[in-house]
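K.L.:
Have a look at this prediction, sequence included:
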Amino acid sequence: MQPQKPVLGILGGLGPAASCYLYQMLIDHTPAARDQDHLDVVISSRASTPDRTAYILGQSDEDPFAVMEQDGKNLVRYGATVLAIACNTAHYFYDRLAEALPVPVLNMPRLTVQDAQAAGCTKLGILATDGTLAAETYQLACAQQGIDCAFPSAEHQTDVMSVIYDDIKQGRRADMAKFGAAVHDLKKQGCDMAVLGCTELSLVKRDEHLGSFFIDSTEVLCRHALLACGITPIGF
C-alpha cells in the first residue's frame, strides 16, 4: 500500500484575498514541471467567520472558534494531513484548535519569530491587528525565542488598522503614508526588523515591493507548509 500523499488544508477566508495570495504563493514556490508535482491543497474560505479582533477585544460576542473548529474538522475529513491558518489574529485560538484536531496545525506567529531570530533579528517590530496585539501572540513568541519586540504607538496603531480594514479588506491599495509612519515609529524604537503580522499586510509587501526590513508571515507560513508536506521550496 502506497503511503498517503501529504495534503495541506488551509483554514482561510480570514480574509479571502490573503487566503488567495497564500495559495498563489504555494504554487509559485513549488518546483514543478507538471500539475502532479504540485501540492494537494484543500481550502476552506469561510469569509463569514466572525471577526477575530472584535471578539478578542470584547466588541462582539460572536465566537469564531466554533466555525474554525468545524471547518478544520471538515478539512481533515476531506483528506488534509496538516493545516495552515491564513490569519495571524486567528492564532488566538491556536491551542484550542490544535487540541481539537487529529493532524498537525502550523503556528504562523511562532514560526515567523523563529525565522526572524534566525535572520539575526534582536528586536522585532509588530505590525498587526489590535486583536493580535491584545492576544500578545507575537509578544509571547518573541519572549520564547529570547528577542525583544515593540509595536506602534496608539496613534500609529490606528494607522495600521486603517490600512488593514479601510484599504486592503476593501480591495484598495494601502495608504503608504499611514503605513510608513507606523514603520518609522518602530525604527525609532530600535527595531531591526518588522513582521507583517497580519496576512492583509502581506499584500502590501507584494504590491509595494517592501524591502528586507520586513519579514512576511504569509511567506513564512508558505515555506513551512511546503516543507511540512515534503516539498523543498524555491524562490525565497
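P.N.:
Thanks, I have the structure now.

K.L.:
where in the protein is pLDDT low?
P.N.:
1-3 (pLDDT under 70).

K.L.:
where do the helices sit along the chain?
P.N.:
16-28, 52-56, 65-77, 94-100, 108-118, 130-135, 137-145, 154-162, 176-188, 199-208, 217-228 (DSSP state H).

K.L.:
what distance separates stretch 188-198 from the centre of its chain?
P.N.:
Offset of stretch 188-198 from its chain centre (CA atoms, centre = their mean, to the nearest Å): 15 Å.

K.L.:
Which positions within it qualify as buried?
P.N.:
For stretch 188-198, a neighbour-count test (16 or more other CB atoms under 10 Å) marks 191-198 as buried. (Each C-beta comes from the backbone N, C-alpha and C, glycine too.)

K.L.:
Give me the contacts around that stretch.
P.N.:
88-89, 109, 112-113, 116, 119-129, 132, 137-138, 150, 164, 183, 186, 202, 204-205, 210, 213-218 (CB atoms under 8 Å, 6 or more residues apart in numbering).

K.L.:
can you count the residues close to Asp28?
P.N.:
Residues contacting Asp28 under the criterion other CB atoms under 10 Å number 12.

K.L.:
who's in contact with it?
P.N.:
Neighbour list for Asp28: Gly235 [criterion: CB under 8 Å, 6+ apart].

K.L.:
Over to the one 10 residues further on?
P.N.:
His38 is in contact with 27, 30, 32, counting by CB under 8 Å, 6+ apart.

K.L.:
What distance do you get for it to Leu196?
P.N.:
From His38 across to Leu196, the span is 25 Å (CB to CB, to the nearest Å).

K.L.:
Kindly report the same for Leu203.
P.N.:
Distance, Leu203 to Leu196, by CB to CB: 9 Å.

K.L.:
same thing with Thr49?
P.N.:
Here Thr49 is placed at a distance of 21 Å from Leu196 (CB to CB).

K.L.:
How about Leu221?
P.N.:
Leu221 is 11 Å from Leu196, by CB to CB.

K.L.:
Then Gly125?
P.N.:
Here Gly125 is placed at a distance of 10 Å from Leu196 (CB to CB).

K.L.:
From Asp95, how far out is Ile231?
P.N.:
27 Å.

K.L.:
Looking at the two, which is more packed in?
P.N.:
Using other CB under 10 Å as the criterion, Ile231 and Asp95 rank with Ile231 on top: 20 against 11.

K.L.:
so what's that one up against?
P.N.:
Contact analysis of Ile231 by CB under 8 Å, 6+ apart lists 30-31, 39.

K.L.:
same check, this time on Ile164
P.N.:
129, 198, 200-201.

K.L.:
please redo it, this time with the cut-off set to 10 Å
P.N.:
Taking CB atoms under 10 Å, 6 or more residues apart in numbering, we find Ile164 in contact with 15, 53, 89, 127-130, 170, 174, 179, 198-201, 203-204.

K.L.:
Kindly report the same for Phe179.
P.N.:
127, 156, 159-160, 162-164, 167, 201, 204, 208, 210.

K.L.:
Now do it against Asp192, distance only.
P.N.:
In terms of CB to CB, Phe179 sits 18 Å off from Asp192.

K.L.:
Ok, Leu75 next?
P.N.:
Leu75 is 37 Å from Asp192, by CB to CB.

K.L.:
what number of residues lie near the closest residue to Thr53 other than its chain neighbours?
P.N.:
Once flanking residues are discounted, Thr53 sits nearest to Gly131: 3.1 Å by CB to CB, 6 or more residues apart in numbering. By the measure other CB under 10 Å, the count of residues near Gly131 is 23.
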